[in-house]
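Participant: no sequence on hand, only this structure:
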């Protein structure tokens, strides 16, 4: 049942999947059939570009829960290190996603809920099952970012191809999202670059560069390997029967 507190369920499933293989992390509600994911060459579109479309399992539970358990020595500004410590002590009581607010970028790519990529030459759309059932537009028509973008949870995303790699440049954030459930902060200066590559028929590779000079002393990176989903996205309405709030520490 997806109406239960997803934070609790995430932690509950970790031990069963606690292995070193980066291609073996759980997605809520989906258990791949034997022999999944499929193997074989990367499928391509008529224009020769890699076909990134389809439903994908983020495969990034550890990054979503606690990024610095995977990425050592994240270069935090002193205030960012302090607020991370406070958020950890609160055990997620102020996590925006626990209140049905958007996970933001890059966290939308690492939540335990799947997403679907819709690919056209001029526009790529990502539909996220979790959070607030988000959809994200990546403009591929050569436009620049707005000179003064309206700050939003997902920012303004511009894409281009670098060979077989889709490079997505996103700015214009509102600074309210957390990078992970532990509470890594962001500010309105956040700049995220995603390098998305289909490495095989069954897997993507997404390298994220986090550049937020107000929160971190230098840019830093993490990489995830989404797996082709054996199934379809499901309807998930966070606001409906949301029982997260009363279970978050400090919200009683």
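Facilitator: Looks like it came in fine. All of these numbers come straight from a predicted model, not from anything done at the bench.
Participant: per-residue confidence at the spatially most central residue of the chain?
Facilitator: In the chain, the residue lying closest to the centroid (Cα atoms, centre = their mean) is residue 109, at 1.8 Å. What the model reports for residue 109 is a pLDDT of 96.
Participant: now residue 197: how far from residue 224?
Facilitator: 12 Å (Cβ to Cβ, to the nearest Å). All C-beta atoms are positioned from the backbone trio N, CA, C, and that covers glycine.
Participant: which neighbours do those two have in common?
Facilitator: Taking Cβ atoms under 8 Å, 6 or more residues apart in numbering as the contact rule, the neighbours common to residue 197 and residue 224 are 205-206.
Participant: out of these two, which sits in the busier spot?
Facilitator: In this comparison of residue 197 against residue 224, neighbours counted by other Cβ atoms under 10 Å, the higher total goes to residue 224 at 23 against 18.
Participant: just give the nearest non-adjacent residue to the more buried one, would you?
Facilitator: Leaving aside its chain neighbours, residue 224 sits nearest to residue 60 (4.0 Å; criterion: Cβ to Cβ, 6 or more residues apart in numbering).
Participant: ok, residue 235 - contacts?
Facilitator: Contacts here follow Cβ under 8 Å, 6+ apart; on that basis residue 235 touches residue 133.
Participant: quick check: phi and psi at it.
Facilitator: Dihedral angles of residue 235 (phi, psi; degrees, to the nearest 10) stand at phi -70, psi 130.
Participant: now it: how far from residue 227?
Facilitator: From residue 235 to residue 227 the distance is 22 Å (Cβ to Cβ).
Participant: one more: residue 126?
Facilitator: Relative to residue 227, residue 126 is positioned 16 Å away (Cβ to Cβ).
Participant: do residue 105 as well
Facilitator: Between residue 105 and residue 227 the distance, using Cβ to Cβ, works out to 20 Å.
Participant: more crowded one of those two?
Facilitator: Here residue 105 and residue 227 are set side by side on neighbour count (other Cβ under 10 Å), and the busier one is residue 105, at 26 against 21.
Participant: chain neighbours aside, what residue packs nearest to residue 161?
Facilitator: If the residues on either side of it in the chain are set aside, residue 161 comes closest to residue 49, at 6.5 Å by Cβ to Cβ, 6+ apart.
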